[in-house]
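> sequence and computational prediction follow.
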Amino acid sequence: MHINSKFKALLAGATLALGLAACGGSGGSGDTAQNGGQPAAPAADTVAAIKERGTIRIGVFGDKPPFGYVDAEGKNQGFDVEIAKEMAKDLLGSPDKVEFVLTEAANRVEYARSGKVDLVLANFTQTPERAEAVDFAAPYMKVALGVVSPAGKQITDVAQLKDQTLLVNKGTTADAFFSKNHPEVKLLKFDQNTETFDALKDGRGVALAHDNALLWAWAKENPGYEVAIGNIGPAEVIAPAVKKGDQALLDWVNGEIAAMKQDGRLKAAYEKTLKPVYGDKVKAEDLLAE
């Protein structure tokens, strides 16, 4: 699957595949998430339990290319997916021994807390509020919010959004930021990215707010739109998350992230999945956490 194919096709493929399967992977035990409802093992035994089970259950997006999406063949693709496969290979000996569990933004905390997944790798921005509910490992990306709008009616300042409808995804940092800081802006919220971007194209909102890294990629494949506000709100990071108090798994994930940064695998994942989308507009060091 070539990531530089049209963003519209990726989103369409993701939507179709979401209706066909709740998981993907490249084969083996990564092809199903049927046992995603298993109760979580005690925190101290989580890593051992994963090894005994033979698969690691990782929550990823199914409709957020190029970070996490399901392609037309029903396979998980994207930057987060590449990281997940590396983790499965190191822990269980094969990149295929990851069981992808599709999540939406609003479900990520609950999936980790309930034990539906061992680990969340769904473009999860670390915030103080979320850190009270889950434990975040070391970050692997840097991110801020952005606002995309039609090229002919660009929103270049938040003041222009007063009494206007802004499109956001439920449970995202964009939702939280505008709800808290800009009550004068009317928010129209959706569960899935496909719904939110379709609403922008349909004119149901004057603009859409989301992670800037996602918006740059989307705008590149949709020439009629511009990310006229490329950086708003505090600079934040994206990190894996595990169930609160699961120190054994948290320590293991921290070691994995550190190793991937050091040996170049994190940058390799960027080169494979993100660089074909961003081209020279964005540099790896602008997005990858140190």
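It's in.

> mind listing what residue 155 touches?
Going by CB atoms under 8 Å, 6 or more residues apart in numbering, residue 155 touches 147, 149, 161, 206-207, 228-229. Using the backbone N, CA and C atoms, a C-beta is placed for each residue, glycine as well.

> what do you get if the cut-off is 10 Å, keeping everything else the same?
147-149, 161, 164, 166, 206-209, 226-229 (CB atoms under 10 Å, 6 or more residues apart in numbering).

> out of those residues, which are inside strands?
Among the contacts of residue 155, the ones falling in strands (DSSP state E) are 147-149, 166, 207-209, 226-229.

> just the residues you listed now: which is nearest residue 243?
residue 209 (29.3 Å; CB to CB).

> leaving out chain neighbours, which residue sits closest to that closest one?
Residue nearest to residue 209 in three dimensions, not counting chain neighbours: residue 174, with 4.0 Å by CB to CB, 6 or more residues apart in numbering.

> tell me the gap between the helix or strand encompassing the one you found and the middle of its chain.
If you go by DSSP states H and E, residue 174 is part of helix 173-181. Remark: helix 173-181 is offset 18 Å from the chain centroid, using CA atoms, centre = their mean, to the nearest Å.

> among the contacts of residue 155, name the buried ones.
147-149, 161, 166, 206-209, 226-229 (16 or more other CB atoms under 10 Å).

> pretty sure residue 132 is touching residue 244, no?
Yes - Residue 132 lies in contact with residue 244 (CB atoms under 10 Å); the separation is 8.2 Å.

> out of those two, which sits in the more crowded spot?
residue 244 (15 against 9; other CB atoms under 10 Å).

> what about the more buried one, distance to residue 168?
Per CB to CB, to the nearest Å, residue 244 is found 26 Å from residue 168.

> with residue 243 instead?
27 Å.

> pretty sure residue 206 contacts residue 164?
Yes - in this structure, residue 206 is within contact of residue 164 by CB under 10 Å, at 4.6 Å.

> list the residues that contact both of those two?
155, 185-186.

> inside strands: which ones of those residues?
Short answer: the shared contacts of residue 206 and residue 164 in strands (DSSP E) are residue 186.

> would you turn the shared contacts of residue 206 and residue 164 into CSV with pLDDT and distance to residue 213?
Compiled in CSV, the shared contacts of residue 206 and residue 164 are given as follows (pLDDT from 0 to 100; distance: CB to CB, whole Å):
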residue, pLDDT, distance to residue 213
155, 97, 19
185, 98, 22
186, 98, 25
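
> let me have the shared contacts of residue 206 and residue 164 in TSV, adding distance to residue 255 as columns.
Formatted as TSV, these follow (distance: CB to CB, whole Å):
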residue	distance to residue 255
155	42
185	42
186	45
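
> buried ones in stretch 68-82?
For stretch 68-82, burial by neighbour count (16+ other CB under 10 Å) applies to 68-71, 74-82.
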